[in-house]
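**Q** when you get a sec, could you give me coordinates for this:
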Amino acid sequence: MTLTKYDLVEKTAEALNIENKDSTRIIETLLELLKGTLVKGDDITISGFGRWEVKSKNKRKGRNPSTGETMILPARKVVLFRWSDKLKEMVN
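**A** Okay, the predicted model is just below:
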């Protein structure tokens, strides 16, 4: 089962015994804080859960899979997630 934003809103409202509109504001605020932090290039660490890291990738040589043509892929940033040991133990 995939956990969606709607599911988060519903489960948060139920767990905190609040209305969905209040839960929606909480979830939206949290997601905006997380996105804003990553956009600035800062990492996010949530103890017992994991860490999101922003990494820079240099430009590199690549290949168009359709034509086989060699091309240069531009530099970019990626977000990596590393789960905590506690979460890893729980999942396994």
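**Q** who's in contact with whichever strand or helix holds residue 29?
**A** In the assignment (DSSP states H and E), residue 29 maps to helix 20-39. Helix 20-39 is contacted by residues 5, 8, 9, 10, 12, 13, 16, 43, 44, 52, 54, 79 when judged by C-beta atoms under 8 Å, 6 or more residues apart in numbering. In this view, the C-beta of every residue, glycine as well, is placed from N, C-alpha and C.
**Q** just the buried members of these?
**A** 8, 9, 12, 13, 44, 52, 54 (16 or more other C-beta atoms under 10 Å).
**Q** these: which two are farthest apart?
**A** 13 and 54 (31.2 Å; C-beta to C-beta).
**Q** quick check: residue 80 touching residue 50?
**A** No: using C-beta atoms under 8 Å, residue 80 is not in contact with residue 50, being 10.1 Å away.
**Q** quick check: the gap between residue 64 and residue 73.
**A** Noted for residue 64: a distance of 10 Å to residue 73, by C-beta to C-beta, to the nearest Å.
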